[in-house]
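In: Below is the structure, and that's it, no one-letter string:
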């Protein structure tokens, strides 16, 4: 896919206010708990929640399951307070890769991978981190927060990832739970933020219980501890997440995403939401 | 005369079991916030924020608390608040967390927001009713009582103390 098209995913940043999103709610086997977490997220004001399926290749051969559909999970979606709109539930797949051969799954075309909205990788070694940043067709790269960083981030791959519209994820729940984890989280996040200068970072929870979630504004402020500036921290829970969703959609379509929506006044029939200069890129 | 500027953080204490809310005490909230501050920012952060730190308002029924701190250091306090995981009262730990609803410069602005927020909550309650009696009783309370008066009464004591000019 040409890079110009991928750049589209980042246009979301310039357009209006995006709702808050929580892109990591683990798909727990206990549906009742998962439902509780989703409802709590809606109550806190998140408008998009991603249910995360984790595949760890270390544990022998693992099949990639089909994602849970939101209708199966919740018969009626909880409403966002103040907006009277139900929350949006998307699916996400996280691959924990520790060996280069694990990446082959991503290249296979006819698998359940296509059914997921967002695909993330959790590279365990520096080499794989480099591959994930430069080559792999993913939306999100997870950063380890529960242990000392196994490698240092280097600027070239990180810059490359930013150019390709790939985002980095920092989890905050371990920081809330435990003091040692908090130190690792803060130091790892700081070293990431120093390299990527606060751009292309998202904060998400991986909350397994409703009480581990925090409100979006609180999370943004927690971002200040991670060295993000005020605007970067806010983007980390709103616009960046939206950009990831759009980036994920580009994988499903032939070339890029163009959203059209009608203006409130019925003046024009079709309204391209992207300005002309951006549209030109689609023809590259 | 120059007055010290403050920031007021309007937070909701979210607990798994709503019954825990009756256990919210001023002292427990202060201890939890200060503990989190000490954990996140150490002695320096705790010292900065404790200059004018008080719990200005506390509603054990809705679980709403209003925290005050100096304007220069409210970021320190706010970034520490997500680290609160439980409130401690009478030797018991109640797991809960603080959800910040609003940050204001005066108690008055927080009050305005809270009234609006509670009104929205009532509508939400109305939506989630299951039987008719519940629905009617909430509808009654929505139409019957003037929310503003009740809220103002509760706030009055706190406000008189702080900025006399603003109570009318």
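Out: All right, it came through fine. Worth saying up front: this structure is predicted, and the values here are computed from it rather than measured.
In: Mind checking what secondary structure residue A:66 has?
Out: coil (DSSP: H, G, I helix; E, B strand; the rest coil).
In: Chain B versus that one, what's the distance?
Out: Counting by CB to the nearest CB, to the nearest Å, the separation of residue A:66 from chain B is 31 Å. To be clear about C-beta, it is placed using only N, CA and C from the backbone, and glycine gets the same treatment.
In: And for residue A:227?
Out: Using CB to the nearest CB, residue A:227 is found at 11 Å from chain B.
In: Quick check: pLDDT value at that residue.
Out: For residue A:227, the model assigns a pLDDT of 85.
In: wait, isn't it in contact with residue A:189?
Out: Yes. Residue A:227 is within contact range of residue A:189, at 6.8 Å (criterion: CB atoms under 8 Å).
In: Look at the closest residue to residue A:207 other than its chain neighbours and report its pLDDT.
Out: Once flanking residues are discounted, residue A:207 sits nearest to residue A:213: 4.7 Å by CB to CB, 6 or more residues apart in numbering or on different chains. Note on residue A:213: pLDDT of 85.
In: Repeat that for the one 3 residues further on.
Out: If you check residue A:216, the pLDDT there is 87.
In: Roughly how far does the closest residue to it other than its chain neighbours sit from chain B?
Out: Of all residues not flanking residue A:216 in the chain, residue A:20 sits nearest, at 3.8 Å (CB to CB, 6+ apart). As defined by CB to the nearest CB, residue A:20 lies at a distance of 13 Å from chain B.
In: Quick check: residues of chain A near chain B?
Out: A:40, A:44, A:79, A:81-82, A:172, A:175-177, A:179, A:182, A:210-211, A:213-215, A:217-219, A:221-222, A:224-225 (CB under 8 Å from any CB of the partner chain).
In: 10 Å instead?
Out: A:36, A:40, A:43-45, A:78-79, A:81-82, A:84, A:172, A:175-177, A:179, A:182, A:186, A:209-226, A:230, A:233 (CB under 10 Å from any CB of the partner chain).
In: tell me, which helix in chain B spans the most residues?
Out: Secondary structure assigned by DSSP state H gives helix B:26-49 as the longest helix of chain B.
In: Tell me which residues of stretch A:35-47 come out buried.
Out: A:35-38, A:40-47 (16 or more other CB atoms under 10 Å in any protein chain shown).
In: So which elements touch the longest helix of chain B?
Out: helix A:179-196, helix A:216-225, strand B:6-15, strand B:54-59, strand B:64-70, helix B:74-80, strand B:86-89, strand B:92-104 (3 or more CB pairs under 10 Å, 6 or more residues apart in numbering or on different chains; DSSP states H and E).
In: List the contacts of the closest residue to residue B:21 other than its chain neighbours.
Out: Distance criterion CB to CB, 6+ apart; nearest residue to residue B:21, sequence neighbours excluded, is residue B:63 at 4.6 Å. Residues in contact with residue B:63 (CB atoms under 10 Å, 6 or more residues apart in numbering or on different chains) are B:11-15, B:18, B:20-22, B:24, B:96, B:98-99.
In: do the same with residue A:225
Out: A:172, A:175, A:182, A:185-186, A:189-190, A:233, B:40-41, B:75-76, B:79-80, B:82-83 are the contacts of residue A:225 under CB under 10 Å, 6+ apart.
In: if you set the cut-off to 8 Å instead, what comes out?
Out: A:186, A:189, B:40, B:79 (CB atoms under 8 Å, 6 or more residues apart in numbering or on different chains).
In: Tabulate these in TSV, adding columns for neighbour count, pLDDT and distance to residue A:249.
Out: Output for these, formatted as TSV (neighbours: other CB atoms under 10 Å in any protein chain shown; pLDDT from 0 to 100; distance: CB to CB, whole Å):
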residue	neighbour count	pLDDT	distance to residue A:249
A:186	18	86	33
A:189	25	87	28
B:40	21	85	37
B:79	23	87	33
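In: what's the most distant pair in those residues?
Out: Maximum pairwise distance among the contacts of residue A:225 (CB to CB): 13.7 Å, between A:189 and B:40.
In: hmm, the helix or strand harbouring residue B:140 touching chain A?
Out: Assigned by DSSP states H and E, residue B:140 falls within helix B:132-144. No. Judged by CB under 8 Å from any CB, helix B:132-144 and chain A are separated, with a smallest distance of 15.9 Å.
In: List the contacts of that helix.
Out: Residues outside helix B:132-144 that contact it (CB under 8 Å, 6+ apart): B:122-123, B:125-126, B:129.
In: Buried residues, that helix. List them.
Out: So for helix B:132-144, counting by 16+ other CB under 10 Å, buried means residue B:138.
In: and what of stretch B:64-78?
Out: Under the neighbour-count criterion of 16+ other CB under 10 Å, stretch B:64-78 has B:64-70, B:73-78 buried.
In: just the contacts of helix B:132-144 now: which is nearest chain A?
Out: Of all the contacts of helix B:132-144, residue B:123 has the smallest distance to chain A: 9.0 Å, by CB to the nearest CB.
In: quick one: the helix or strand hosting that closest one to strand B:54-59, angle?
Out: Using DSSP H and E, residue B:123 sits in helix B:107-127. For helix B:107-127 against strand B:54-59, the angle by axes from the mean of the first three to the mean of the last three CA atoms, to 10 degrees is 30 degrees.
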